[in-house]
Structures are given as structure tokens and as C-alpha cells.
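[1] this one's sequence-less:
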């Protein structure tokens, strides 16, 4: 993977232009190219040869800041065949899975290629990424997006169209994969073949949208006895407005997009130390119900005596309001 180019702008480079009112335009530079807006015309040749971070002026005198888009900029604006993994979640996947240069990584599904780009950057030229996608159309979009950003089809990236359960054993040798990332509706269906593919100590990370998916995949991982105790979290990012002494949270934030649950592959035959926890699988036991009683969650119980007192207070307040209203009418 060649990564983001540097140096002066060249023909074929993608450039992000920030114009009047902070409006963004992304163009691919051509010798005869032009950006037409209602603010005027910006010729591509005015950008070619300029350093990254330059300011150029269009035919109407409007200024545009020119920057090569960062990967986060690209994935948020690229064509999508399926929903993307947001940068905040991609960063956590790389961190929790500890994706390293030279790693062999499997991902499923590939979606629009957003996570593939982050993984390719993390594994470097010596690593290998194998992406599985059930739908050919999504795989085509992902391939095109990755090639658009990198400028080439990465030689260390294979896209397999098919079902992971059937295709993974044919694509990799047992215990040869360092990391597996599952972004799909039912990742628990793939955990058994993932366990066979992962090297001891390897990491599986599942990205799911709902709490029910989170519960089911965590319980499945736990039930195999082949992994460490699964961990789970979600990431929410809140921006801040910072201008002089006007420092406050933004009115909007990128809140819930998905849950991550991850675990590490145990060595064959290894039995981890017992984890003390409530015995709860798919239904609530007496202990679980007790945890949600009003007293357990801090809900204060009111006695009948206090309730009658509150009723009297409410009635007195209402009578007083009516009396005050009548007095006001009499004074008019």
C-alpha cells in the first residue's frame, strides 16, 4: 500500500477544496480540469505544482484552501455500497485487536472498503489482508474505493466473494491468522471457523449494531471455551467549540454507531481460571430480577402515610391557586 502521497500536487492526485462558507469539494486533478460552482471556475492547473495546504483563487476572486484528504475524510465521502465503519470505531478496532505491521488479518464483510483501508495501512507492505464479502456488488465498490485512495490495487489484499464459514478454511491454514474482524449481522455463526484459523493468542473483534447481537455473540464466544473472557464497549465522540473564552460542547455529537466485542484465542487444551460472575445465559434468574427491583436501583419507596400527605399538599396548592384566581377576578 503506497499510502497518501506527499509533496506538490500532481496530476491524478485527489484534492479537497474548502471554499466559501466552508463548502467542501473533492476533485481529481487533470491538466485540463476545472471546478465549476456558482462562485466561479477554479482551474486544476492552478493547483498542479502547488504544495499541500495552499490557497488558490478562482475566476471570481474566491479563495479555496487545497489539502490532500486524510483517510478519515476519504472514507466519510467515498461511494458506499453498504454502511461504513466510522473512523472512531475503526480506530478502536485497530487498538483493541492490536493490528500490527506484518500481521495476517481476516475481515468479513468488506462493505464499502472503509475498514479495509485502515487495516491495510496498519499491516503495512509486509502484512496480508483477506476480506470476505457475500455480495459481489459490495466487493466491487470496496475494490474501487481502495484503489482510488491508494492509487493501485494492493498486492497484499485479497477479496473473496463468498460465505466466510465455507471459504475461510480454504483460504488460510489452521492457526495461521493473527487477527479477525467480523462486521456482519450474525458473527456468532462464524466463531467456530474463526477459532480454527486464529493462532493461539490471536484476537477476534466483532462489530455489531444492537445490544441483542452483542449479547448473543459474547455468550457464544464464552460458550466455546476456546477464548478468553470477552470484553465489550462502545465509543462516543463529542466535539467541542473552542473560540476564545467561548468553550462549550458542540450541539451535535457522533454517539452510538455500534458495539465492539473482542476476545483472544486460547492455546489448544488450555482452560483459563474461572471467572466469578452471575450465572445468566438467555433468561433472567431470580438474582437478575432482584438487581432490577426498585430498591436495588435506588428508587425511593413512598409509604401510604407520606402519600396521603402529598395528596393533601397537592390539594391545598390547588385550592390556593383557585382562590388566588378568584381574588384576581374580583379585583378586575
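    Thanks, I have it. As the structure is a prediction and not an experimental result, all values here were calculated from the model.
[2] who does the helix or strand hosting residue 142 touch, helix- and strand-wise?
    Assigned by DSSP states H and E, residue 142 belongs to helix 136-150. Here helix 136-150 touches helix 71-77, helix 114-123, strand 128-133, strand 157-161, going by 3 or more CB pairs under 8 Å, 6 or more residues apart in numbering; DSSP states H and E. Glycine gets a C-beta too; all of them are placed from N, C-alpha and C.
[3] ok, 6 Å please
    helix 114-123, strand 157-161 (3 or more CB pairs under 6 Å, 6 or more residues apart in numbering; DSSP states H and E).
[4] now the angle from that helix to helix 114-123?
    50 degrees (axes from the mean of the first three to the mean of the last three CA atoms, to 10 degrees).
[5] for the record, mean pLDDT for helix 136-150?
    Taken as a whole, helix 136-150 has a mean pLDDT of 91.
[6] next one: it to chain centre, how far?
    Here helix 136-150 is found 19 Å from its chain centre; the criterion is CA atoms, centre = their mean, to the nearest Å.
[7] secondary structure class for the residue nearest the centre of the chain?
    Central residue of the chain (CA atoms, centre = their mean): residue 89, 3.0 Å from the mean position. Here residue 89 is helix, with the state taken from DSSP: H, G, I helix; E, B strand; the rest coil.
[8] quick one: it and residue 71, what's the gap?
    Counting by CB to CB, to the nearest Å, the gap from residue 89 to residue 71 is 14 Å.
[9] can you list the low-confidence ranges for the stretch 151-300 of the chain?
    Residue ranges of the stretch 151-300 of the chain with pLDDT under 70: 275, 277-300.
[10] please enumerate the strands of it.
    For the stretch 151-300 of the chain, the strands defined by DSSP state E, counting those that start in this stretch occupy 157-161, 177-182, 198-208, 231-234, 240-243, 246-249, 259-264.
[11] what's the angle from the first one to strand 128-133?
    Read that as strand 157-161. Using the same axes, to 10 degrees: strand 157-161 against strand 128-133 is 20 degrees.
[12] which helices and strands does the host helix or strand of residue 106 pack with?
    Residue 106 belongs to strand 104-108 when elements are defined using DSSP H and E. If you count contacts as 3+ CB pairs under 6 Å, 6+ apart, strand 104-108 packs onto strand 128-133, strand 177-182.
[13] one step back: go through the helices and strands packed on helix 136-150 and pick out the most buried.
    For these, the largest average neighbour count (mean count of other CB atoms under 10 Å) is found in helix 114-123, namely a mean of 24.
[14] hmm, back to that, now the helices and strands packed on helix 136-150 in a markdown table, with distance to residue 141?
    Rendered in a markdown table, the data for the helices and strands packed on helix 136-150 read as follows (distance: least, CB to CB, whole Å):
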| stretch | distance to residue 141 |
| --- | --- |
| helix 114-123 | 11 |
| strand 157-161 | 11 |
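[15] residue 263 is nearest to which of these?
    Shortest distance between residue 263 and the helices and strands packed on helix 136-150, using CB to CB, is found for helix 114-123: 18.8 Å.
[16] run the angle between the closest one and strand 177-182 for me.
    Orientation of helix 114-123 against strand 177-182 (the same axes, to 10 degrees) gives an angle of 160 degrees.
[17] gap between helix 114-123 and the chain center?
    Worked out by CA atoms, centre = their mean, helix 114-123 lies 13 Å from the chain centre.
[18] contacts for that helix, please.
    1, 75, 84-85, 90, 94, 99, 103, 105, 110, 129, 131, 142, 146, 149, 154 (CB atoms under 6 Å, 6 or more residues apart in numbering).
[19] could you say which of the strands of the stretch 151-300 of the chain is packed most deeply?
    strand 177-182 (a mean of 26).
[20] that one pairs with which strands, and in what direction?
    strand 104-108 (parallel), strand 198-208 (parallel) (DSSP bridges).
[21] returning to what we had before: including distance to residue 47, could the helices and strands packed on strand 104-108 go into CSV?
    What follows is the helices and strands packed on strand 104-108, written out as CSV (distance: least, CB to CB, whole Å):
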stretch, distance to residue 47
strand 128-133, 33
strand 177-182, 37
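[22] of all these, which lies closest to residue 64?
    That would be, of the helices and strands packed on strand 104-108 and by CB to CB, strand 128-133, which comes in at 35.5 Å.
[23] now the closest one: average pLDDT?
    The model assigns strand 128-133 a mean pLDDT of 97.
[24] follow-up on the earlier one: closest to residue 59 out of the strands of the stretch 151-300 of the chain?
    strand 240-243 (32.2 Å).
[25] so how far is the closest one off the chain centroid?
    Put simply, strand 240-243 sits 24 Å off its chain's centre (CA atoms, centre = their mean).
[26] repeat for stretch 243-257
    Stretch 243-257 sits 19 Å away from the centroid of its parent chain (CA atoms, centre = their mean).
[27] same check on stretch 225-239?
    For stretch 225-239 - counting by CA atoms, centre = their mean - the centre lies 12 Å from the chain centre.
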